[in-house]
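Engineer: any chance you could fold what I've pasted below:
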Amino acid sequence: MTTDTRDDSLSNPTLAPQPSFRVQTRVAHDADEQAGNLHGWNQTYDQLTAGCFVGELTELCVDHMQVFVETTSHTLRQTCEVQKDAYWFGIPTCPAGAGRIDAQVIAGDALAFRPGGVEFELLTSAGYEIFGVVVKGDVLRRYAAEVERVGLADHVPHTEVVPIGVARKARLCASLRQLLDDGAASGVPLSAFARNSLQASVLALLFDLGALPAAKPVAMPARPRRQSIVSEAREYVLAHRERAVGVPELCERLHVSRRTLQYCFQDVLGMAPATYLRAIRLNGARRDLSNASRESRSVQDVAAAWGFWHLSQFATDYRKLFGVRPSETLKAAVSVRHGMAEAGSFAH
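Structural biologist: All right, here's what the predicted structure looks like:
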């Protein structure tokens with residue numbers, strides 16, 4: 001269990017310390033302590049029912065985003081405020097009517113939403129659990145414009161309670177829980193690529209599951225253009241093989257929305273863009289490993305050349321796709337090379 005103290009400097013980027021980029025869990029036995037455990041917030045918790053308070057917070061702070069899940073044992077009145085130029089999405093898992101924001105009931109099919117720099121009030125029942133996502137405003141605006149191809153000013157919710165549907169809400173909570181569970185299980189700080197991927201995936205979830213309205217449907221490209229988009233994406237990834245290119249970068253490069261990119265890949269290849277592009281890089285790594293014995297290259301050398309900086313994840317993905325470990329491919333290539341060399345010496 002990791003303990004920490006509150007750090008309000010997140011509200012001032014010039015004073016903010018370097019984030020740990022890892023999941024942290026804190027347990028509090030006082031409502032004020034619980035309120036102070038959430039980084040970057042200005043808030044006060046008042047306990048309204050009797051008994052010994054217990055609260056738990058599991059939190060991940062990355063470059064431009066904060067993801068957390070909070071549980072509290074007793075009924076609370078909370079006054080809260082997120083840092084300026086940020087947006088908070090609060091997704092409770094509790095039954096309908098168990099929580100209110102500014103006196104409005106948060107229904108079982110809805111989430112709460114507030115912009116930064118504006119104080120709001122939460123009333124939460126005993127045994128309350130809520131997931132939270134805080135996104136910096138400039139990042140959300142850029143993502144909306146360049147990846148989703150929508151203007152955020154026209155699509156950001158203007159109410160405290162946003163209905164998204166029971167099924168979508170459950171999927172959003174499940175995805176956020178899995179994200180935090182995976183991060184806690186790894187126990188190591190996230191790499192720059194992992195942080196970018198995580199932030200992009202959470203933003204995509206918010207749009208896909210209705211927390212932020214998506215762009216209006218548009219006519220999809222004709223088949224030749226769909227094929228061209230897929231080919232251009234592949235060429236771009238291969239030209240930048242030393243780093244993992246994500247879907248947001250491809251959308252910016254190809255001037256298409258994320259939905260258009262997904263549609264093109266699904267139509268042409270029957271799979272998601274990220275799945276195909278990872279497979280392309282893994283295949284490139286496999287070919288290089290098969291030839292690595294000629295150049296005295298290691299698994300780590302080859303993985304880095306194809307933008308895989310997390311070796312254990314690379315090995316897992318490689319084995320899942322090819323049924324063998326990267327080291328086994330390299331070992332087989334070395335054996336073949338030695339066998340050919342011995343055969344050549346015998347021939348002489």
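
Engineer: show me what contacts the residue nearest to Arg243 when sequence neighbours are not counted?
Structural biologist: Leaving out its chain neighbours, the residue that sits closest to Arg243 by C-beta to C-beta, 6 or more residues apart in numbering is Gly307, at 4.5 Å. For every residue, glycine as well, the C-beta is placed using N, CA and C. Going by C-beta atoms under 8 Å, 6 or more residues apart in numbering, Gly307 touches 193, 240-245, 281.

Engineer: and Arg286, by the same measure?
Structural biologist: 318, 322, 326, 329.

Engineer: number of nearby residues for the first one?
Structural biologist: So that's Tyr318. Taking other C-beta atoms under 10 Å as the criterion, the count of residues near Tyr318 is 23.

Engineer: check the second one too.
Structural biologist: The number of residues packed around Phe322, counting by other C-beta under 10 Å, is 16.

Engineer: for it, give me its contacts.
Structural biologist: For Phe322, the contact set (C-beta under 8 Å, 6+ apart) comprises 282, 286, 329.

Engineer: using TSV, lay out these together with secondary structure.
Structural biologist: Below are the contacts of Phe322 laid out as TSV (DSSP: H, G, I helix; E, B strand; the rest coil):
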residue	secondary structure
Leu282	helix
Arg286	helix
Thr329	helix
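
Engineer: tabulate those residues in JSON lines, adding columns for distance to Trp41.
Structural biologist: Shown next, in JSON lines, are the contacts of Phe322 (distance: C-beta to C-beta, whole Å):
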{"residue": "Leu282", "distance to Trp41": "41"}
{"residue": "Arg286", "distance to Trp41": "47"}
{"residue": "Thr329", "distance to Trp41": "49"}
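
Engineer: list just the nearest of the residues you listed to Asn37.
Structural biologist: Nearest to Asn37 among those is Leu282, at 40.2 Å by C-beta to C-beta.

Engineer: measure Gly117 to Cys80 for me?
Structural biologist: Counting by C-beta to C-beta, to the nearest Å, the gap from Gly117 to Cys80 is 12 Å.

Engineer: any idea which residue sits dead centre in this protein?
Structural biologist: Leu198 (2.1 Å; C-alpha atoms, centre = their mean).

Engineer: that one is in contact with Val62, isn't it?
Structural biologist: Yes - counting by C-beta atoms under 8 Å, Leu198 touches Val62, with 6.4 Å between them.

Engineer: what's the overlap in contacts for the two?
Structural biologist: Counting by C-beta under 8 Å, 6+ apart, the common neighbours of Leu198 and Val62 are Leu190.

Engineer: if we can go back for a sec, tell me which of Gly117 and Cys80 has more neighbours.
Structural biologist: Just comparing Gly117 and Cys80: by other C-beta under 10 Å the higher neighbour count belongs to Cys80, 21 against 14.

Engineer: and stretch 109-117, what's buried?
Structural biologist: 109-116 (16 or more other C-beta atoms under 10 Å).

Engineer: would you turn these into CSV with pLDDT and distance to Glu129?
Structural biologist: Below are those laid out as CSV (pLDDT from 0 to 100; distance: C-beta to C-beta, whole Å):
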residue, pLDDT, distance to Glu129
Asp109, 94, 17
Ala110, 95, 15
Leu111, 95, 13
Ala112, 96, 13
Phe113, 96, 18
Arg114, 96, 19
Pro115, 94, 23
Gly116, 95, 23
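
Engineer: just flag the most distant two among these.
Structural biologist: So, those by C-beta to C-beta: farthest apart are Asp109 and Gly116, at 25.2 Å.

Engineer: picking that back up, residue contacts, the residue nearest to the centre of the chain?
Structural biologist: Shown in contact with Leu198 (C-beta under 8 Å, 6+ apart): 60, 62, 65, 179, 190.

Engineer: with Leu250 instead?
Structural biologist: Counted by C-beta under 8 Å, 6+ apart, Leu250 has contacts 233, 236-237, 261, 273, 277.

Engineer: nearest residue to Thr44 in space, please, no chain neighbours.
Structural biologist: Counting by C-beta to C-beta, 6+ apart, the residue nearest Thr44 is Thr79, at 5.0 Å.

Engineer: ugh, typo on my part, it should be Val166
Structural biologist: Using C-beta to C-beta, 6+ apart and skipping residues adjacent in sequence, the residue nearest Val166 is Asp109, 4.7 Å away.

Engineer: phi and psi next, for that neighbour.
Structural biologist: For Asp109, the backbone dihedrals (degrees, to the nearest 10) come out as phi -110, psi 10.

Engineer: mind checking how far it is from Leu122?
Structural biologist: Asp109 sits 18 Å away from Leu122, going by C-beta to C-beta.

Engineer: how is the chain partitioned into domains?
Structural biologist: Listed domain ranges for the chain are 8-208, 223-335 (source: automatic domain parsing).

Engineer: what about the helices in the stretch 101-250 of the chain?
Structural biologist: Remark: helices assigned in the stretch 101-250 of the chain by DSSP state H, counting those that start in this stretch are 137-143, 152-155, 166-186, 192-208, 223-239, 247-254.

Engineer: what comes up buried for stretch 88-106?
Structural biologist: Of the residues in stretch 88-106, those buried by neighbour count under the rule 16+ other C-beta under 10 Å are 88-94, 98-101, 106.

Engineer: avg pLDDT for it?
Structural biologist: Across stretch 88-106, pLDDT averages out at 92.

Engineer: hmm, who's touching that stretch?
Structural biologist: 82, 107-109, 111-116, 120-125, 127-135, 160-161, 169, 172-173, 176, 206, 211.

Engineer: what does the pLDDT read for Gly127?
Structural biologist: Gly127 is assigned 95 on the pLDDT scale.
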